Structure formats: structure tokens, C-alpha cells
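[1] Below are the sequence and a predicted model; questions follow.
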There are 4 protein chains.
Amino acid sequence: MAKLFFYYSAMNAGKTTHLLQSSHNYRERGMQTLILSSSLDDRFGQGVVKSRIGIESPSIIFNQKENIFDLVKEHDHVNCILVDEAQFLNKAQVYQLTEIVDKLNIPVLAYGLRTDFQGELFEGSQYLLAWADELRELKTICHTGKKATMVVRIDDAGKAIKSGAQIQIGGNERYVSVSRAEYKRIFHDEGSIKPSQISLPLEDI
Amino acid sequence: MAKLFFYYSAMNAGKTTHLLQSSHNYRERGMQTLILSSSLDDRFGQGVVKSRIGIESPSIIFNQKENIFDLVKEHDHVNCILVDEAQFLNKAQVYQLTEIVDKLNIPVLAYGLRTDFQGELFEGSQYLLAWADELRELKTICHTGKKATMVVRIDDAGKAIKSGAQIQIGGNERYVSVSRAEYKRIFHDEGSIKPSQISLPLEDI
Amino acid sequence: MAKLFFYYSAMNAGKTTHLLQSSHNYRERGMQTLILSSSLDDRFGQGVVKSRIGIESPSIIFNQKENIFDLVKEHDHVNCILVDEAQFLNKAQVYQLTEIVDKLNIPVLAYGLRTDFQGELFEGSQYLLAWADELRELKTICHTGKKATMVVRIDDAGKAIKSGAQIQIGGNERYVSVSRAEYKRIFHDEGSIKPSQISLPLEDI
Amino acid sequence: MAKLFFYYSAMNAGKTTHLLQSSHNYRERGMQTLILSSSLDDRFGQGVVKSRIGIESPSIIFNQKENIFDLVKEHDHVNCILVDEAQFLNKAQVYQLTEIVDKLNIPVLAYGLRTDFQGELFEGSQYLLAWADELRELKTICHTGKKATMVVRIDDAGKAIKSGAQIQIGGNERYVSVSRAEYKRIFHDEGSIKPSQISLPLEDI
């Protein structure tokens, strides 16, 4: 009986490594997997999922207009679906993932961020948190030593950027995974974070 | 280091029993707990949290205007906060729970439903899923034998009620905890569920 | 597809409440459960499983000679087996539980302690930790505020008893659930624990 | 407050990838980690931890005579200890890991197998299951599609080897991760498994 798993975390928790390892475990046993990755723009087609630790795999890029259920049905003998950047899915696409599980009986592993730089759920995360069979946290650490569960968007001075589009491409913003207490210190209490703290450009999300 | 826990489930998974047992474990060791329960109307004051299995404890009822952080600060030497019906919290109140953890260093255990009868997150659940340190599922079973993760609202004929207020008081509606596949069968595919299946009036939520 | 769950904890974590609530959830939906409880002596027959919080249910008491697989096969239409005091099972009986799952396809929920007063696994716990499909911790707290994961056996002066039978019936010994650090302080570093700390006689295990 | 984690699984679940990713997460934030690997023979010194997926890191090899607590104390400013092949630890060494957590307040992540080819716990696994603060399963799949939780040792004909040393170096034996039901079919019911099923030499454990 297949299930929909949502592996959630802040940035840089190893989501893509976990995705690639899970896919590898299936393939090593002679089974087939499909790796899907959500795109923010109109791109679709062949892509690559890369982990910061240095491993990668080809993937299928889809955009917000794609029906993922139909996309999966075109492939025969798939044993597992893995979705990268699942926070960017829209509501209909998360529903399609549940249909892959409930109608096609294929397990789906979706990986994504919980909240955006303002502490709000992404649309994809919202419906995965609502409908997934299993919620699993991938843990990462804040520079304060606590578990990092939030993502803060900062400017060059290390101060929180408090408004703007949920998804910002280009620009000088950086994202940092922090604990909720540290998030409040930077976002609400006008604190800042030093550039020496880990900070990653958008493409690493 | 205190944490905010969100224990989520469908209806009738034993949330209140778990809450009362956790409170009991603290008190048995000489520590103090506060049991809070969200009210849908203007009520506030002294209440009672009751479990279907037959145990109960006094509680503090608060309504949507209450500042829970201030409410907790009025009490000295509290070792743990337990919140029943946490799906009915509003966004500000969930933020106040994070402040109890981050500023007062008191652990908070919040218990609530994930989704309403239309499969949408409650406001309290949405922000608990976004901000809690730990998400923990309390499991219950569907009459089909699968895990029940959704709640369907049905009429006297066992057919899904598809529209209406998120929270409906009075009336003849019943709520049933079902698996996602069974939810789809009833809600989307015009199926019905027999009255002999477990069904509970609103006050049991 | 049924599974064998091992719910482990220190003493007084609410194992029996969890067991009774799980059984209640099944029965409320019209399904049947069998509650089994291991006995240390030659007793068998009808018993009662009681939770400290004040709820109870009839149970079947079995002893170390019983074949649990055969015992369960005698009952028709059982939807779930729940085993209290599972640390007292022997290796053969844990194997029989796996057979109930693998051959009869009935889920088994076994509840027990992890370690004895010397920090060694009980025989039942050892094989449940080895063979269970899912290991789930039920948490309780030490008087130091940390999670309690060990059980220390103390005398009237609050000093650790370091030798003796794994299971001691009668006598003046008391058991206390403590964190591992506190266990070391009492057991290895000749510390003691005040009588005002929670302490429970053997029959409460 | 540091903790001792035991990440357990059957073979080929991605334990080493998880270990290397966790270490990477710490180092990326400017913190230091020590990667330790247990050796079966008298070797000690500098080694390498390699994941099948193609990533690696230098490690410190220690043997059964080593005191791991003393080994760790020699290093300054270590933020996390990661232990590969933790099933090969002896009882004293697992105790030393608890001391690293309880006395030095450094988190320890230990990765290892639960059971050997006869379904018995390894010594290291036994005491990690007894004393770890958190037990976390890394999942992998059996060729039957179920979760693989056991490891079977097979000969060239795909039949189970039922006796012999717990740890066998060299020889033609192969190990396969299987579900408990499949383990029973091969080990107890004289079944066999085809060479086309995944099988890995000892060095891949």
C-alpha cells in the first residue's frame, strides 16, 4: 500500500542527498524511479537534481501548468516517484500526487521547505502538510546550535528583508537557516547576522 | 530547552487522553501544568477537558481574543502548557505559544485536527504545522482498515456535505475519520458511508 | 499489511493508557481486540490491565510456557493484539508475535520497558528491539527535567541497589524512572535520590 | 543538551550517506566533526568512510581495545561525533559514547545494523538500543517490496547459511537485506533467493 511522504526542512538539511539516496536504493534493487523537479518559470523537460555534497541525477522538470498524474501515467513500471523543490507545487499538483498514491499505488517522496522568508507556508508545503500520509523532518542546525526550522532572507548588511515576493530570482539576497528564536531576533527585533554565518544564494534552495 | 509540540490527528485518535496522560506524568512528579482549551464562542473561564475513554481534568477556557502568552505569565511555576482543540487557535495565538517556548522556556503540547471537512487546514493547524518544533501524529484507523487522516462531514444519508462553515455548531451533521482514499470516495465520487460506521456529533471533536 | 510495533519506555510513561486507548479506538469502530498480559509466575487466565490514570480493561494473562500464536489462533475475527508488560516475554514468544503478524496478518502492539535496574535489556525487549517493524518511544520525564530513559532500583535510603534478580517480587525496593545521566549519578557515583521523588512499587511496573 | 542517536537499519539503507551528509551540515556552518569507524581487526589510524553513492570522507579507525571517550577528549572543539559500523562496538565502547554525551556534552550519531545473519543483535547494537537517547530507523526495501529489516547470509545457490561466525571476512558468502517474512522463508523454510536479487560482499556492510 503506497504512501505520500513529505520530507520537510529548512534549507541545507540534505533534502536532495536524501532524495538521491532513496532513488539509488530502489534502482540498486532493479526497480525504476522518476525524479521530478518543480520549476519556477516556464521551463520543462530534462534537468539535473544536484546535491551540495556532490552527487546528481537526471530529472524531469515540470512547471506549474503540468498535470503530474498524467505525466507519471505516461511511464510504465515506475516503482517510486521523488519530487524535489516540492514547496513550489500548487494545490492541484499536490492533489495529483495523492492520486498517484491512491489510484496508481506508487509511493511518492516529496522534499521541500516548510516556510518562506516571512514564516508563511509555501502553497506546496501547505497541502503536503495537510494531505501527506507521513510527515518526516530532515534536521539541520542553526549557527546558535539549536535545530534550524526557519529560513530568513537577508541583505548585504545581514539584516532581515521583511517584504517582497515569496520567490525572488536574482538579486543580492541571501537565505539562512535558523532556529525560530534566532529568526525572531533577526526578523522582529532588528538583529543582524554576520556574513561569516552560512549564507546561500537562491539557486541552492 | 523547551519545545512546541503539535500532536495532530483525525478525530477520535485519543488526543485528549494523550493530553491528560502527559499532564498526569508531570503532576505525578510534583510539577505543575496548565490545561487550556480553545472555545468557539465568547466563553472563557473554568472548563473541563474530557476524554471519550472516561477521564477528565479541569481546564482554562479561552476565546479567540485572549492573549495566551499573557494568560500563562499570570501563573507562577508552570512546568508545561497543554492546549486542547488547538485547531481553533488563530495565527496570533499560535505565535504566542512560540513566545511561551522561546521567551519563558516552558514546553507547550498542542493537540488538534489537521484538516476540516473540506480537506483544508484549520488556521491553528496551519501555523502549528508551520512553526512547531516537533510534529507528532496520533494515529487512528478508518473503517477500511487504513490509517484515518481526514475528516468527512456527512448528512443523515451518509453522503458528504461539501459546503458550509468550517465550524458548524448544532445541526444533524456527523463527522467521520477516514483514510484519504475513502475521503475521496465519499467527497468527490458521490459515495456514502453507512450509519453503522462510527460517527460522532460535533461536541466530540 | 500488519506490523509488529514495540512501544518502549521507562516506567510510568503511560504505556497502559496508550494500550487501552488504542484498543478503545479499534472497538469503537466495531473491531475486536485481544489484550494480553505477561505474568511472572504460573498464573494464567482472566486478568485486568489497569492504568494509573484510572481506566482498565479485562485481559488474558499468560505465562512463560504459553504459545501466544496458538492462543491467538483460538480466537476468531481478531483485528489487533495488544501486549502489556512485554519485557517479560521470552525469545520464543516474541517470535510467536512476529508469526501473528507475518502469517495471520494481525497487527501486534507490544508495550514494555527497555532496560532493567542494571541497565540491561529484558529478554522480551531485546527481541522486540531486534525484530519489531516499528520502534516507538513513549516519553516520560526525570525529576531533573530531562527525558527519563532508565529505571533505577533503590533502597529505603534512596541508594541504588546494584545486584539481585532482574525481577524482584515483594521486598522494600522501589523503582524510579530517571535520565541516563541521573542513573549514572545514582548507580555508579554512589549518589542517592530523595524519597520525595516519585517512586513506585513493583506492581506499578 | 547533547544526545546519543542510534541510526539503525538493514544493509544498504544509506547509513554512510546519512553520516557524511550530517557531518557536511556541521562543517558547512564552521563546526568541527570527528568521523570514527570501528575495525574488526587490529587496524587503527587513518581511514576513509565511503558511501556506495560515491562520496567519502577521511575517518579515524579504532579497534575493540580503544577507549573512545579518551580518543575524543584528545581533540579540541569538536561539535559532533559520527560513528560508522557501530554494530561492531563492544559494550564498554557504547558506554564511552554515553559518557561523551553526558560528560562532554557532545552529540553522538552512531550508525549500524540491528541484527546479524541469524537474527541476533550485534553487541554494539544491543547496547545502543538499550542506552541511546533516540532510536531512528533508516529505511530500505526488500525485493518483495516490503521494508527490509533483516539481513540474510547466503551461499552461491542462494540458500541461507545458518551457522558460522557473526562476522565472517572473506569467503563467498553474500548478504541480502530482506523483510522479516522473506527472512523466514529463506532461513527457516529452506527457500532460496536468486542471484539477480541484490547481494553485496561483506565490505559493503
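    Sure, I can see it. Note that the structure is predicted; figures quoted are calculated from it, not measured.

[2] And chain A, what are its domain boundaries?
    Domains of chain A are assigned by automatic domain parsing as A:4-137, A:150-199.

[3] Pick out the shakiest of these, pLDDT-wise.
    Between the domains of chain A, the one with the least mean pLDDT is domain A:150-199; it has a mean of 83.

[4] From the chain's centre, how far out is it? Work that out for me.
    18 Å (Cα atoms, centre = their mean, to the nearest Å).

[5] Is any residue of it near chain B?
    Yes: applying Cβ under 8 Å from any Cβ of the partner chain, one finds that domain A:150-199 is in contact with chain B at A:180, A:181, A:184. C-beta here means a position set from N, CA and C on the backbone, and glycine is covered the same way.

[6] coming back round to it: can you tell which of the domains of chain A is closest to chain C?
    Of all those, it is domain A:4-137 that lies closest to chain C, at 11.9 Å by Cβ to the nearest Cβ.

[7] The strand or helix carrying residue A:94: what's the following helix or strand?
    Element membership of residue A:94, judged by DSSP states H and E, is helix A:91-102. Using DSSP H and E, the helix or strand that directly follows helix A:91-102 along the chain is strand A:108-113.

[8] Residues touching that next one, excluding its own?
    A:2-11, A:15-16, A:18-19, A:22, A:80-89, A:97, A:100-101, A:122, A:124-125, A:128, A:132, A:138, A:151, A:205 (Cβ atoms under 8 Å, 6 or more residues apart in numbering or on different chains).

[9] who does the next helix or strand after it touch, helix- and strand-wise?
    Under the assignment DSSP H and E, the closest C-terminal helix or strand after strand A:108-113 is helix A:123-131. When contacts are defined as 3 or more Cβ pairs under 8 Å, 6 or more residues apart in numbering or on different chains; DSSP states H and E, helix A:123-131 packs onto strand A:4-9, helix A:91-102, strand A:108-113.

[10] repeat that for 10 Å
    On a contact count with 3 or more Cβ pairs under 10 Å, 6 or more residues apart in numbering or on different chains; DSSP states H and E, helix A:123-131 meets strand A:4-9, helix A:91-102, strand A:108-113, helix B:123-131.

[11] Would you tell me which one of these is buried the most?
    A comparison of those by mean neighbour count, using mean count of other Cβ atoms under 10 Å in any protein chain shown, puts strand A:108-113 on top with a mean of 26.

[12] Also compute the angle for that one relative to helix A:123-131, please.
    Interaxial angle, strand A:108-113 versus helix A:123-131 (axes from the mean of the first three to the mean of the last three Cα atoms, to 10 degrees): 130 degrees.

[13] Could you figure out how far strand A:108-113 is turned away from helix A:91-102?
    150 degrees.

[14] how far is strand A:108-113 from where the chain is centred?
    Distance of strand A:108-113 from its chain centroid, counting by Cα atoms, centre = their mean, is 6 Å.

[15] Select the longest helix from chain A.
    In chain A, taking DSSP state H as the definition, the longest helix is helix A:15-28.

[16] Can you report how many residues neighbour the residue lying closest to residue A:178 once chain neighbours are set aside?
    Spatially, and ignoring its direct neighbours in sequence, residue A:178 is nearest to residue A:142 (4.7 Å; Cβ to Cβ, 6 or more residues apart in numbering or on different chains). Using other Cβ atoms under 10 Å in any protein chain shown, residue A:142 has 22 other residues around it.

[17] Please list all residues in contact with residue A:142.
    A:10, A:148-150, A:176-183, A:197-198, D:29 (Cβ atoms under 10 Å, 6 or more residues apart in numbering or on different chains).

[18] Now, the residues you listed that are in strands?
    A:150, A:176, A:177, A:178 (DSSP state E).

[19] Now for those: which two are most distant?
    Largest separation among the ones in strands among the contacts of residue A:142 by Cβ to Cβ: A:150 and A:176, giving 9.3 Å.

[20] Give the intersection of the neighbour lists for these two.
    By Cβ under 10 Å, 6+ apart, residue A:150 and residue A:176 have these common neighbours: A:10, A:11, A:117, A:142, A:182, A:183, A:186.

[21] What count of nearby residues applies to the third one?
    A count of neighbours around residue A:117, defined by other Cβ under 10 Å, yields 24.

[22] ok, what's across the strand from the nearest residue to it once chain neighbours are set aside?
    Nearest in space to residue A:117, with sequence neighbours left out and distances taken as Cβ to Cβ, 6+ apart, is residue A:153 at 3.5 Å. Counting by DSSP bridges, residue A:153 is bridged to residue A:175.

[23] Can you name the residue of chain A nearest to chain C?
    Taking Cβ to the nearest Cβ, chain A has residue A:1 as its residue nearest chain C, at 6.5 Å.

[24] related to what we said a few turns ago, please give me every residue in contact with the residue nearest to residue A:117.
    Going by Cβ under 10 Å, 6+ apart, the list of residues near residue A:153 reads A:116-118, A:160-164, A:168, A:171, A:173-176, A:186-187, A:202.
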